[in-house]
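Peer 1: Pasting the sequence and the predicted model now:
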Amino acid sequence: WSPDGRELLVAASLGGELALWLVPAAGGFPRRVTTMPIALQFLASPMQSFSPDGRLIAFLSEANGATELWLWEAETGHQRQLTRLGNHIAGYSWARDGQSLLVAANTRGGYDIYRVGVADGAAQRLTGDDLYEVSPVETPGGARVLYVRLSEGWTDHEIVSIAPGGGDERVIATDSDLFDYHYGRTFGVPAIAPDGSALLFRSHRSGWINYWAAPLEANGEPRQFCPQAADQSGATWSPDGRRIAFTTSAPGASNLNARQIAVMNSNGGGRAQLTAGSGPHTNAVWSPDGAWIAYVAKENSADWQVWAMRADGSAPRVLTFGPERKFYLSWGR
């Protein structure tokens with residue numbers, strides 16, 4: 001969602017080439033924002049996202065060989081390459097003030113966390129461990145930076161907290177025996193509560209990949225957020241922090257088409273499945289006012305489309321049309 005809630009930012013191969021488009025939240029034909037095709041490996045996502053003020057859109061592209069961050073300016077329509085870190089960027093997120101981005105890049109071989117300035121693209125390395133350090137995100141208010149550190153075998157994970165400029169390392173939570181062949185993407189980015197009190201992370205410790213909650217500051221054992229005999233992914237907090245939306249398969253099901261969107265109160269009660277159908281429903285994102293949830297769905301073996309429904313699951317409607325191959329949703333903070 002755009003920060004004003006009027007549009008949804010999607011990556012789609014309309015016309016045969018991958019580009020970024022803005023889709024009116026009320027429905028209607030999308031308008032293209034990027035001026036040249038986005039070059040990426042097969043099935044890779046540009047991970048597009050709005051800056052906190054909505055004036056910029058960041059995305060990944062390999063237009064010049066390496067996977068780098070690019071920026072599109074809403075006011076001018078101009079796009080420019082921001083980073084020149086070389087090799088590959090595995091993920092990034094906006095700093096809360098919008099003046100920099102946190103980037104996981106393998107400039108030095110293994111992945112480290114960098115802070116990159118929006119104005120000039122200057123990169124400051126925040127970590128330097130030989131292990132892979134990925135999935136950076138700032139806490140609300142920007143007082144700390146969290147990231148995920150993988151073991152050499154990519155089976156164990158630590159969620160680490162550091163100061164905004166690096167240093168003062170603290171391990172917030174740990175997890176083991178979850179093979180992460182996507183160097184961090186299987187485990188995912190820690191989902192931080194809007195008030196900064198807790199985070200959610202994926203774990204296989206129950207026998208299924210479920211979400212577990214851990215406090216950000218106080219020492220405490222993680223607790224299983226929503227016990228379920230199904231794998232869960234894509235957890236995202238509502239803007240007011242009272243509810244969490246996530247993707248879940250039907251209990252005991254292994255078919256990818258069984259993936260549906262559910263919500264649960266952040267205190268651990270009131271789980272409800274919001275979608276149902278023959279195809280997968282996934283990638284839930286809250287509107288800025290928390291009244292709507294947008295998602296992507298593939299109904300009856302048709303093409304992927306962008307949908308929106310009210311936060312209680314009512315009034316679902318499709319926002320896109322035509323032979324789009326796939327959409328990847330994004331939203332502003």
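Peer 2: It's in.

Peer 1: Show me the strands in the stretch 101-250 of the chain, by range?
Peer 2: Counting by DSSP state E, counting those that start in this stretch, the stretch 101-250 of the chain has these strands, from start to end: 110-117, 123-125, 133-138, 145-150, 157-162, 170-175, 191-192, 198-203, 210-215, 223-224, 232-237, 243-248.

Peer 1: Now render these as JSON lines, adding distance to Trp21, mean pLDDT and mean neighbour count.
Peer 2: In short, each C-beta sits where N, CA and C put it, glycine included. Compiled in JSON lines, the strands of the stretch 101-250 of the chain are given as follows (distance: least, C-beta to C-beta, whole Å; pLDDT from 0 to 100; neighbours: other C-beta atoms under 10 Å):
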{"stretch": "strand 110-117", "distance to Trp21": "25", "mean pLDDT": "97", "mean neighbour count": "22"}
{"stretch": "strand 123-125", "distance to Trp21": "29", "mean pLDDT": "97", "mean neighbour count": "15"}
{"stretch": "strand 133-138", "distance to Trp21": "25", "mean pLDDT": "98", "mean neighbour count": "26"}
{"stretch": "strand 145-150", "distance to Trp21": "30", "mean pLDDT": "98", "mean neighbour count": "25"}
{"stretch": "strand 157-162", "distance to Trp21": "34", "mean pLDDT": "97", "mean neighbour count": "22"}
{"stretch": "strand 170-175", "distance to Trp21": "36", "mean pLDDT": "95", "mean neighbour count": "17"}
{"stretch": "strand 191-192", "distance to Trp21": "26", "mean pLDDT": "97", "mean neighbour count": "20"}
{"stretch": "strand 198-203", "distance to Trp21": "30", "mean pLDDT": "96", "mean neighbour count": "24"}
{"stretch": "strand 210-215", "distance to Trp21": "31", "mean pLDDT": "95", "mean neighbour count": "21"}
{"stretch": "strand 223-224", "distance to Trp21": "38", "mean pLDDT": "94", "mean neighbour count": "14"}
{"stretch": "strand 232-237", "distance to Trp21": "21", "mean pLDDT": "96", "mean neighbour count": "20"}
{"stretch": "strand 243-248", "distance to Trp21": "23", "mean pLDDT": "96", "mean neighbour count": "23"}
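
Peer 1: what's near enough to touch Arg84?
Peer 2: For Arg84, the contact set (C-beta atoms under 8 Å, 6 or more residues apart in numbering) comprises 68, 121.

Peer 1: And for Ala66?
Peer 2: So, once contact is read as C-beta under 8 Å, 6+ apart, Ala66 ends up touching 85-88.

Peer 1: who wins for neighbours among the residues you listed?
Peer 2: Of all the contacts of Ala66, Leu85 has the most neighbours under the rule other C-beta atoms under 10 Å, reaching 22 neighbours.

Peer 1: Could you pull up phi and psi at that residue?
Peer 2: Comment: the main-chain dihedrals of Leu85 come out as phi -80, psi -20, following degrees, to the nearest 10.

Peer 1: Where does pLDDT dip in the protein?
Peer 2: In the prediction, the chain carries residues with pLDDT under 70 at positions 250-257, 301, 321-333.

Peer 1: Thanks a lot, see you next time.
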